[in-house]
Each structure stands twice: as structure tokens, then as C-alpha cells.
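**Student:** Here is a sequence with its predicted model. Questions after.
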There are 2 protein chains.
Amino acid sequence: MDRQSPRGDGVITVYGFSPSGNCHKVRLLLEQLGHRYEWVEVRSDDGSTRTPEYLARNPNGKVPLIELEDGRTLAESNAILHWLADTAPAGATEFLPADPWQRAQALAWMFFEQYSHEPYIAVARFICGWTPIDSPRRQDLPRLRERSHQALAVMERHLSTRPWFTGDVYGIADIALFAYTHVADQGGVSLEAYPAIRDWLARVVRTPGFVPMPEPDTAAAALIAQSRLPTS
Amino acid sequence: MDRQSPRGDGVITVYGFSPSGNCHKVRLLLEQLGHRYEWVEVRSDDGSTRTPEYLARNPNGKVPLIELEDGRTLAESNAILHWLADTAPAGATEFLPADPWQRAQALAWMFFEQYSHEPYIAVARFICGWTPIDSPRRQDLPRLRERSHQALAVMERHLSTRPWFTGDVYGIADIALFAYTHVADQGGVSLEAYPAIRDWLARVVRTPGFVPMPEPDTAAAALIAQSRLPTS
């Protein structure tokens, strides 16, 4: 391996909303790499990502964002995962395949996650837990759940013959897809029909250094419970 | 540079729908790399990406997809761009920055494109040109156009001080964002308010080996023209 570690040993600041899967991706990989970081909580449900101060850091107004000690910033959860894995010190566990074709497959799954998975599974969960119980956005839930199941079916098919998303080892594509899949039920998307996905989730939880995503707070948990009630 | 060229000189088969920006990204980079390829036209508006034969190639039922001579496949336009640039022969123009931080910034823009740009700008265009004039999906257009302008504002801000999306040279992030930005008006999204974007589009068109995206066919062009008429 010829990878450098251009980020050195400096502390990385993560701006993130703890119950967000996109944000948890970054925390999970930092923990598994054993890299020092500071977490700055920025809620994405109360306008905190839209303040002038935050928009100066990330003009797209989203979390997560990482900031290096010299002030440089990087947005987009999956680009952050790729950079952390790409620049991991020699000898660290290989979270990004060394083979270019396998690297490309990891990226393909990460683009799948952001285009065909997160906009349905994560958005359904966000609507259930972080919008008012009478929000008009709740009308979107049936369509979001239908598309969620389409994404899960693609994942189930892949995992039915392979333990991980790229190659023979756990890596950043698994981290990216784990984030919202393991809490799909909070958006009303059941994993009951997907045994290979459930086995894979259990394998991810057993990887060294795994840290669970924080539970939704009391208000969000109550909304999620209410969202599970049958509607007339 | 220590990059190998693991894909060798074999012909790459591209499954794509010509007027799709996601598909054109792949054609544009292959042309600019001077790599041999065969284009297999697969329409995404008539169910051709949902046939059992096509789903066997890409279980997610989307174009573009590339296939190597040994039958291996890679999905997701931006993962394909990354692989083609990552494995370009030594001496080829550098479409992917060598510096890991700049590579990560390129990926961040490509994830921005797939999450915050394409689902609005490309989808508005698709609805205008490739759905019936009375499609209920047209009710989404005002919201899609509003979000399109939010993405364009982020791009304009970046380009107001820099010529390209990553570093000092043209690369895959520019190719990814060019695809649908340059035809935004076909979805009813005007670029009039974005002079830096318009200058950048003109620079992309002047890059060596540039090939334009095919025009929409007669039926799509007529629907696009009708979509421009003021609605009551």
C-alpha cells in the first residue's frame, strides 16, 4: 500500500445531528479508525443548518460536515467516508478496497444509497420522528415506503450470495448502507421480508469498534410510536 | 503517478439512453479519454430498463451501466466516471485529482449532484419532455424548480471564485454537474441569474474532445416546447 496519511493526527471536528444516519456514518468510521474527533451537535430539524454562520461553513446547509484544524471543510457523508478510508494510516483495517474495480463498486453502492435508498428510507423515518403528527408531508409516506422496499429488494438480492457490499470484507459501502437500513422500521418500513439484510446488519454490529447510533430523543420517539398507529 | 490501467484496452459496452444526462456523462468522459466503447441504446422512459434481461444486468433497473469484455458490470454514472478516471493510463489528462483531499472534494460535488441537484433539475426536465402533457407528475414542477434554484445558487457561489469544481483543472465533478445543468432550461429552470455557471458551461464545451449531448427527439422536443407555455 502506498497510501499516505495526509490528515495526520489532528483532531477532526464533525458538525452533525446525532440521530441522523448520515451523521452517524462519520462517527462510526472515526471510532473504528480510532481517530480523534470533536462532535459539534447541529440539529437539522430546527433551522440550525440554515443559519448564516453554518451556511458559511456549508453553503448547501446540510450535516454532516467535517472541519480540519487548518479550517478546511468537507461535506457529504459518503465523500467524508471515502476520504477517511482513503487516507487511513498504513496498517489500519482496509475500509476501502485497494483494487480499483472494487473501489468503484463501493462507490456505486454509496451512490445507490444516496439516490435510491436514503431519499426514501431516511426521509420516511425523518417524517415519522421529526415532523408534527399532522404534517402534510405524511401524505408522502406510502410512496416513500414503496420505494424503500424496492431499494431493500436490491440489497437483499446482493447479500443473498455475499457477506458484505464490496468484496470479502466490511468497508465504507457497508457503513453507508447500514446507517438508515438498521432503523428503517422507525419510518414504518419493516425488514421482516429480508433475512439476508438482517443477518448483514447483525454482522455490522459485531465489527470491531462498532458504536450504536444514539436513540431518537423522547419527542421523536413519541412521534415514531404515534406514526405506527393504524390510520383510518 | 502510480496509477495502473487495469481495464486495459478492451472495448467497454455502455448501456444508456442518449438524451439522459447521467448517460451522457459516461460518453463524454470516454470520448475525452479516447477509449473505445460500444453504445447500446436502452430507453428509460418505456420500460426497457425493467425487462428481466436488463434487470439481470442491473438489478436497480437504471441506466447507465457499463460492461467489460469479461462480463463484469458497474452501475451508477458517477461511480463509472470515478473508475474511468481512476484507471486512466499514465499520461492521460488528469480527470481525477491526485491529491486525496481534492479527490474527496470531487466526490463531495458528485454526491451533491446526485442528492441535491439531479433529483430536481433532471427530474423537472424528464417530466417536461418524457411524460404526457396531462401527467399528474407535472404538479411537482413548481417544487422541483424551486429546489433546482437552490442547487444552482450553491454552484454559482462556488464558481464565482473558481473556474472548475475541483482544483484548477477540469475533471469528473465538472462532467457530472455539466450533464443536467446545461439543459436545465428544458425543465423550465432558467440559468439567467447565474453568470458564473453560464461561463463555466462555456468552458466545459471548449474542453478537448468535448461531444454534445444528443438533442431530445421530436416527440420530447414538442413536449418540452408545450411545457414552456404559460399555464392558467
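**Tutor:** It's in. Residues are numbered from 1 along each chain as shown, chains lettered A, B, ... in the order given.
**Student:** Could you break chain A into its assigned domains?
**Tutor:** Chain A breaks down by automatic domain parsing into domains covering A:12-86, A:100-227.
**Student:** okay, these in CSV with distance to chain B, mean pLDDT and mean neighbour count next?
**Tutor:** Just so you know, the C-beta spots here come from the backbone N, C-alpha and C atoms, and that holds for glycine as well. Putting these into CSV (distance: least, CB to the nearest CB, whole Å; pLDDT from 0 to 100; neighbours: other CB atoms under 10 Å in any protein chain shown) gives the following:
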stretch, distance to chain B, mean pLDDT, mean neighbour count
domain A:12-86, 4, 96, 19
domain A:100-227, 4, 97, 19
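**Student:** residue ranges for the helices of chain A, please.
**Tutor:** Here chain A has its helices, by DSSP state H, at A:21-33, A:52-57, A:77-86, A:100-112, A:118-130, A:141-159, A:172-181, A:195-205, A:218-227.
**Student:** what's the angle between the last one and helix A:141-159?
**Tutor:** What that stands for is helix A:218-227. Using axes from the mean of the first three to the mean of the last three CA atoms, to 10 degrees, the direction of helix A:218-227 lies 90 degrees away from that of helix A:141-159.
**Student:** wait, doesn't A:Pro163 sit right on A:Trp200?
**Tutor:** Yes: under the criterion of CB atoms under 8 Å, A:Pro163 makes contact with A:Trp200 at 7.1 Å.
**Student:** rewinding a little: would TSV of the domains of chain A with distance to B:Lys62 be doable?
**Tutor:** Formatted as TSV, the domains of chain A follow (distance: least, CB to CB, whole Å):
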stretch	distance to B:Lys62
domain A:12-86	18
domain A:100-227	8
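**Student:** Select, out of those, the one closest to B:Leu107.
**Tutor:** Each of the domains of chain A was checked against B:Leu107 via CB to CB, and the shortest separation belongs to domain A:12-86, namely 4.0 Å.
**Student:** end-to-end on the closest one?
**Tutor:** As for domain A:12-86, its first-to-last residue distance stands at 15 Å under the measure CA to CA, to the nearest Å.
**Student:** how much distance is there from it to the middle of the chain?
**Tutor:** A distance of 11 Å separates the centroid of the chain from that of domain A:12-86, by CA atoms, centre = their mean, to the nearest Å.
**Student:** Equivalent analysis for stretch A:130-149, please.
**Tutor:** In terms of CA atoms, centre = their mean, the centre of stretch A:130-149 is found 19 Å from the chain centre.
**Student:** Send over it as CSV, restricted to the C-alpha atoms.
**Tutor:** Presented in CSV, the C-alpha positions along stretch A:130-149 are these (Å, rounded to 0.1, in the frame of the first residue of the first chain):
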residue,chain,number,x,y,z
TRP,A,130,-39.2,14.8,13.3
THR,A,131,-42.3,16.4,11.7
PRO,A,132,-45.6,17.2,13.5
ILE,A,133,-48.1,14.4,13.6
ASP,A,134,-50.4,16.4,11.3
SER,A,135,-47.7,17.4,8.8
PRO,A,136,-48.8,17.3,5.2
ARG,A,137,-45.6,15.6,4.4
ARG,A,138,-47.1,12.5,6.0
GLN,A,139,-49.1,12.0,2.8
ASP,A,140,-45.9,11.0,1.1
LEU,A,141,-45.3,8.1,3.4
PRO,A,142,-47.0,5.3,1.3
ARG,A,143,-44.9,6.2,-1.8
LEU,A,144,-41.7,6.6,0.2
ARG,A,145,-42.3,3.2,1.8
GLU,A,146,-43.0,1.5,-1.5
ARG,A,147,-39.7,2.9,-2.9
SER,A,148,-37.9,1.9,0.3
HIS,A,149,-38.9,-1.7,-0.3
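**Student:** Can you tell me what sits against it?
**Tutor:** Contact with stretch A:130-149 is made by A:45, A:116-117, A:119-121, A:123-124, A:127-128, A:184, A:187-189, A:193, A:220, A:223, A:226-227, as judged by CB atoms under 8 Å, 6 or more residues apart in numbering or on different chains.
**Student:** go again using 6 Å as the cut-off
**Tutor:** Outside stretch A:130-149, the residues that touch it by CB atoms under 6 Å, 6 or more residues apart in numbering or on different chains are A:45, A:120-121, A:123-124, A:127, A:188-189, A:220, A:226.
**Student:** got it, and stretch A:53-64?
**Tutor:** Residues external to stretch A:53-64 that are found in contact with it (CB under 6 Å, 6+ apart): A:14-17, A:23, A:26, A:42, A:44, A:49-50, A:65, A:73, A:75, A:77, B:154, B:157.
**Student:** ends of stretch A:209-224, how far apart?
**Tutor:** In stretch A:209-224, first residue to last residue: 29 Å (CA to CA).
**Student:** And for stretch A:157-173?
**Tutor:** The distance separating the two terminal residues of stretch A:157-173, taken as CA to CA, comes to 16 Å.
**Student:** Can you give the distance of it from its chain's centre?
**Tutor:** Stretch A:157-173 sits 16 Å away from the centroid of its parent chain (CA atoms, centre = their mean).
**Student:** show me the contacts for the residue lying closest to A:Leu223 once chain neighbours are set aside.
**Tutor:** In this structure, A:Leu223 finds its nearest non-sequential neighbour in A:Gly129, 5.1 Å apart by CB to CB, 6 or more residues apart in numbering or on different chains. Counting by CB under 6 Å, 6+ apart, A:Gly129 touches A:216, A:220, A:223-224.
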